[in-house]
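>>> I need the structure of the sequence given here:
(one chain, ligands or ions: 3)
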Amino acid sequence: KLHGPEGFEGMRKAGRLAAEILDEMTRRVEPGVTTESLDTVIREMMLDGGAVPATLGYRGYTHSSCISINHVVCHGIPSDKRLKDGDIVNIDVTPLLDGWHGDTSRMFFAGDVPLKAQKLVELTYECLMIGIGEARPGARLGDIGAAIQKHAERQRYGVVRDFCGHGLGRLFHDAPEVVHAARAGTGPELKPGMFMTIEPMINLGRPAVKLLNDGWTAVTRDKSLSAQFEHSIGITEDGAEIFTTSPEGLDKPPYD
Ligand SMILES: CCc1ccsc1-c1ccc(O)c(O)c1
Ligand SMILES: [Mn+2]
Ligand SMILES: [Mn+2]
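Ligands and ions are numbered 1, 2, ... in the order given. Modelled structure (predicted):
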C-alpha cells in the first residue's frame, strides 16, 4: 500500500500522541509502581487524545500497552507486578487515532541500572536508528535487517528472529514483514508512501525466545536481558520520516 499526504498527516498525529504518552512514562517509571497503573495512565491519555488503544481486544489481548521487563523480550502483560531498582522496562503503545495507528516503544530505567544493561539499551537504540538510516526509495527491505544484524552481532549480542516489524497505517499489521536479521539487497524494493515499523529486539545473550504459559509473554531462553525500541516511519521521496519521535527529545538514550 502506498500512502499519500493524507496518510502522512494521519500518521503524524497518531505518532505524536504515542510519543507524548511515552514522554509521560519517562516521568512515571520508578521502583515501586505497578505496570497495571502505568497501563491505566496510557489508556486514559489515549482516550483524552481522542484515540483508542489498538491492542485492547486485539487477538484477545486485554490491555492498552505491552510492558516488558528485563529478560522479557516483548508482549509483557501489565499486572500488579511492581518495578524494582535496576529494572530495564520496554513500554509499547499503539493509539488508534482517526483510523491511523501510531506504534512505538522505548526503554525506560527504574532506579539505578547496571552499566552492562545501559550499554544493551544504547546499542538497541543505535540498531533502530541504523535500520531507519537504510530506509529510502530504491533500497531493499533486507538492507534494514542486514544493517541492524551487523551492528548487534559485531558486539556479540543476539538479534531476535521470532518477532518482526510490519507495515501499518489504517491496519495495525500489514505487509511487509520487517525482519531484523536479513541479507542486504534482498526483499521488496522500498517506495515513497510505504509505512512500516522497525522494532529490533536485542538480547545480551542468544537470540532464542520462548513463550510463557499466558500465551503472550516472550522471554529469552537463556534468561539474558533483552531490549527493544520501535518507531513508525513513512518512506519519503528522499528517505524516511519518523512519525513517533518525542517532541521533548526523550526518546534518545543515554538517559542521564
Ligand atoms: C499486544 C498486541 C499484540 C498482540 C499480538 S502481537 C502484538 C503486538 C505488540 C506490539 C507491537 O509493536 C506489535 O506490532 C504487535
Ligand atoms: Mn509496538
Ligand atoms: Mn509493532
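>>> how far away is the nearest residue to Glu248 once chain neighbours are set aside from ligand 1?
Closest residue to Glu248 apart from its sequence neighbours, by CB to CB, 6 or more residues apart in numbering: Asp23 at 5.2 Å. Just so you know, the C-beta spots here come from the backbone N, C-alpha and C atoms, and that holds for glycine as well. Remark: distance between Asp23 and ligand 1 (CB to the nearest ligand atom, to the nearest Å) = 18 Å.
>>> Just to be sure, Asp23 is in a helix?
Yes: remark: Asp23 belongs to a helix, assigned using DSSP: H, G, I helix; E, B strand; the rest coil.
>>> Just to check, it is in contact with Pro247?
Yes: here Asp23 reaches Pro247: they are 7.1 Å apart, a contact under CB atoms under 8 Å.
>>> Of these two, which one has the most company?
Set Asp23 next to Pro247 and count neighbours by other CB atoms under 10 Å: Asp23 wins out with 16 against 10.
>>> For Ile69, name its beta-bridge partners.
Beta-bridge pairing for Ile69 (DSSP bridges): Val89.
>>> Oops, could you answer that again for Gly165 instead?
Applying DSSP bridges, one finds that Gly165 bridges with Val178.
>>> how about the residues of the chain near ligand 3?
Contacts of the chain with ligand 3, taken as CB under 5 Å from the ion, map to 103, 197.
>>> who in the chain is up against ligand 1?
Neighbours of ligand 1 within the chain, by CB under 6 Å from any ligand atom: 55, 58-59, 61, 66, 75, 92, 103, 166, 199, 230.
>>> again, only using 8 Å
For the chain, the residues in contact with ligand 1 under the definition CB under 8 Å from any ligand atom are 54-55, 58-59, 61, 63, 66, 74-75, 92, 94, 103, 105, 163, 165-166, 168, 172-173, 197, 199, 216, 230.
>>> Give me the below-cutoff pLDDT ranges for this protein.
Scanning the chain for pLDDT under 70 picks out no residues.
>>> Quick test: name the residue nearest the centre of it.
The chain has Glu230 as the residue nearest its centroid, 2.5 Å off, counting by CA atoms, centre = their mean.
>>> Okay, the nearest residue to it once chain neighbours are set aside and His166: tell me how far apart.
Leaving aside its sequence neighbours, Glu230 sits nearest to Glu199 (CB to CB, 6+ apart; 3.5 Å). Applying CB to CB, to the nearest Å, the value for Glu199 to His166 is 8 Å.
>>> Show me which of the two is the more surrounded one.
Per other CB under 10 Å, whichever of Glu199 and His166 has more neighbours is Glu199, with 25 against 20.
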